[in-house]
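In: Here's a sequence, model it:
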Amino acid sequence: MSVEPADTWIFGYGSLMWNPGFPFAEARPARLTGYHRAFCIYSIHYRGSQRQPGLVLGLDRGGVCDGIAFRVSPERQQEALAYLRRRELIYGVYREVLVPVDVARDQGQAPATVWALTYIAERAHPAYSGCLPLTREAQLIRRSAGRGGTNLDYFLSTLRHLRELGIKEPRLDRLLTVMGALAARGASTPGGGASPTSALTRAWSSRGIATPRTVRDNRFGYRAKRG
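Out: Residues are numbered from 1 along each chain as shown. Sure, this is the predicted structure:
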């Protein structure tokens, strides 16, 4: 008797939720227990630099995380996984794992538990920041910019998309409060052209704070060197 290949599930908690970039058959709200969404990854290319590192999202241990589970059909599995690994496993700061997630079903039905692929923060990596104080997170995010734009734009876009999806993140709301009303006003300025947060980022970046030692001494090829 032949066994048909099973569908693959992908759990998205950050930009994958609104910009998956891979083919999928369906997407459903899902909850992962044992990990939470956090700004726990130093960014020295995409939203920061070696001199002024930023912070981007990762899945860190503890708590729960509401996100989106994507079902990928067997015939598109290899295509989707190849894309995700090119996107997420560039520097080794994320680790690919299988985790049980509770996927929402039709109204009146209990959630279904499935095994889903996701990417968690690699705590042994030099770019893992851990749980920083809110004031420290605010300093790094307000003052940093990289190839992908300002760290402030990344943060505000994340917050906006989470709200649109109906996902509440009290810590991120508190982080916005710490950053101040200027950040919110800058991000809501209409019109095209340069990001309205760019001038704010340049102004804030002139206020010196110590560069994290873990990033200054960073070696992103550490996993390969370990053999």
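In: any idea which element residue 32 lies in?
Out: For residue 32, the element it lies in under DSSP states H and E is strand 26-43.
In: After that strand, which helix or strand is next?
Out: strand 54-72.
In: helices and strands around that following strand, which ones?
Out: strand 8-12, helix 15-18, strand 26-43, strand 94-103, strand 112-121, helix 134-143, helix 151-164 (3 or more Cβ pairs under 8 Å, 6 or more residues apart in numbering; DSSP states H and E). Yep, even glycine has a C-beta here, placed from its N, CA and C like the rest.
In: Residue 42 touches residue 55, doesn't it?
Out: Yes - applying Cβ atoms under 8 Å as the test, residue 42 and residue 55 come out as touching, 6.5 Å apart.
In: Now do the same for the closest residue to residue 67 other than its chain neighbours: its pLDDT.
Out: Excluding the flanking residues, the one nearest residue 67 by Cβ to Cβ, 6 or more residues apart in numbering is residue 13, at 4.1 Å. Listed pLDDT for residue 13 reads 95.
In: what do you get for the one 5 residues further on?
Out: pLDDT, the model's per-residue confidence, is 91 for residue 18.
In: still on that earlier bit, relative to residue 61, which of the helices and strands packed on strand 54-72 is closest?
Out: strand 26-43 (6.2 Å; Cβ to Cβ).
In: thinking again about what came up before, give me the more crowded residue out of residue 42 and residue 55.
Out: Relative neighbour count places residue 55 above the other of residue 42 and residue 55, with 27 against 24, counting by other Cβ atoms under 10 Å.
In: So what pairs up with the residue lying closest to the more buried one once chain neighbours are set aside in the strands?
Out: By the measure of Cβ to Cβ, 6+ apart, the closest residue to residue 55 outside its immediate chain neighbours is residue 39, 4.2 Å from it. Counting by DSSP bridges, residue 39 forms beta bridges with residue 57.
In: Wait, residue 39 touches residue 57, no?
Out: Yes - with contact defined as Cβ under 8 Å, residue 39 reaches residue 57; the gap is 6.1 Å.
In: ok, now how distant is the residue nearest to residue 55 from residue 27?
Out: Here the criterion is Cβ to Cβ, to the nearest Å. By it, residue 39 lies 24 Å from residue 27.
In: more crowded one of these two?
Out: The neighbour comparison of residue 39 against residue 27 (other Cβ under 10 Å) goes to residue 39, with 27 against 15.
In: Find me the pLDDT at residue 61, would you?
Out: Looking at residue 61, the pLDDT reads 95.
In: what does residue 204 give?
Out: Residue 204 is given a pLDDT of 48.
In: Does residue 75 belong to a helix, a strand or coil?
Out: helix (DSSP: H, G, I helix; E, B strand; the rest coil).
In: Doesn't residue 78 lie inside a helix?
Out: Yes - Residue 78: assigned to a helix according to three-state DSSP.
In: Report how many residues lie close to it.
Out: 11.
In: Please apply the same query to residue 101.
Out: 25.
In: Enumerate the beta-bridge partners assigned to it.
Out: With DSSP bridges as the rule, residue 101 is bridged to residue 32, residue 114.
In: now do residue 12
Out: Bridge pairing for residue 12 - DSSP bridges - gives residue 68.
In: Tell me the spacing between it and residue 57.
Out: 11 Å.
In: re earlier: of the helices and strands packed on strand 54-72, which stretch is the most buried?
Out: strand 8-12 (a mean of 23; mean count of other Cβ atoms under 10 Å).
In: All good on my end, thank you.
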